[in-house]
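J.: Let's see this in three dimensions:
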Amino acid sequence: MSENKTPSSGVDRVLELLCDTSATIGGVVLVAIASVTVVSVVGRAFFSHPILGDVELVQLGCAVVVASFLPYTQFRHANIIVDFFTAHASERTQSKLDAFGTLLYTLVMALVAWRVAVGGVDIKANQETSMLMALPLWIPYMLMVPGLVLCSVIGFVQTLQHLGLIAKEEV
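T.: Below is the predicted model:
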């Protein structure tokens, strides 16, 4: 990964701020679920009393964490790229292939964001809850949507940058 540079365009600065905010929220949730795990393990080991539903909390929290970290990863071009076959292609060909790959990624993220949002609305309407703690399941679904939507927006901007339709920023 190349060294981080400060984006010079307004769009990239806004996207970077949103990515940092999303990743920070994900980090806070990650620390919270790690703390729940530690408290539960200590409670189980020393007091024979773990946190009821600790696995539910960790599962729901992990979904939110992943969705919160995805925009940061996409913005920094930190997703895994297999370029074995394109390593000797021209820069123009690589850019077009990158545009195509980024467009596919963007479409998949948009589809996932849409389905997670629809699922969250349906789950709320059906008043579904977790098994042990009876937590409303729509909340983590809806907490995933902003990160997935942001990831789609970033992918769209990067696709346009690869195609040369807007200025490409090095970050």
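
J.: what residue ranges in this protein score low on pLDDT?
T.: 1-8, 168-171 (pLDDT under 70).

J.: element containing residue 144?
T.: According to DSSP states H and E, residue 144 maps onto helix 138-162.

J.: in that helix, what's buried?
T.: 138, 140-162 (16 or more other Cβ atoms under 10 Å). Placement of C-beta: from N, CA and C, glycine included.

J.: likewise stretch 110-120?
T.: Per 16+ other Cβ under 10 Å, stretch 110-120 contains these buried residues: 110, 112, 113, 116, 117, 119, 120.

J.: what's the nearest residue to residue 75 if we skip its chain neighbours?
T.: Spatial nearest neighbour of residue 75, chain neighbours left out: residue 19 (4.5 Å); criterion: Cβ to Cβ, 6 or more residues apart in numbering.

J.: What about that neighbour, how many residues nearby?
T.: 24 (other Cβ atoms under 10 Å).

J.: Quick check, it in contact with residue 151.
T.: No - Residue 19 is beyond contact range of residue 151, at 9.1 Å (criterion: Cβ atoms under 8 Å).

J.: what residues are shared contacts of these two?
T.: Applying Cβ atoms under 8 Å, 6 or more residues apart in numbering, one finds that residue 19 and residue 151 are jointly contacted by residue 71.

J.: Quick check: the residue nearest to residue 75 vs residue 156, distance?
T.: 14 Å (Cβ to Cβ, to the nearest Å).

J.: on contacts alone, who are the packing partners of the biggest helix by length in the chain?
T.: Longest helix in the chain by number of residues (criterion: DSSP state H): helix 10-47. For helix 10-47, the packing partners by 3 or more Cβ pairs under 8 Å, 6 or more residues apart in numbering; DSSP states H and E come out as helix 54-75, helix 138-162.
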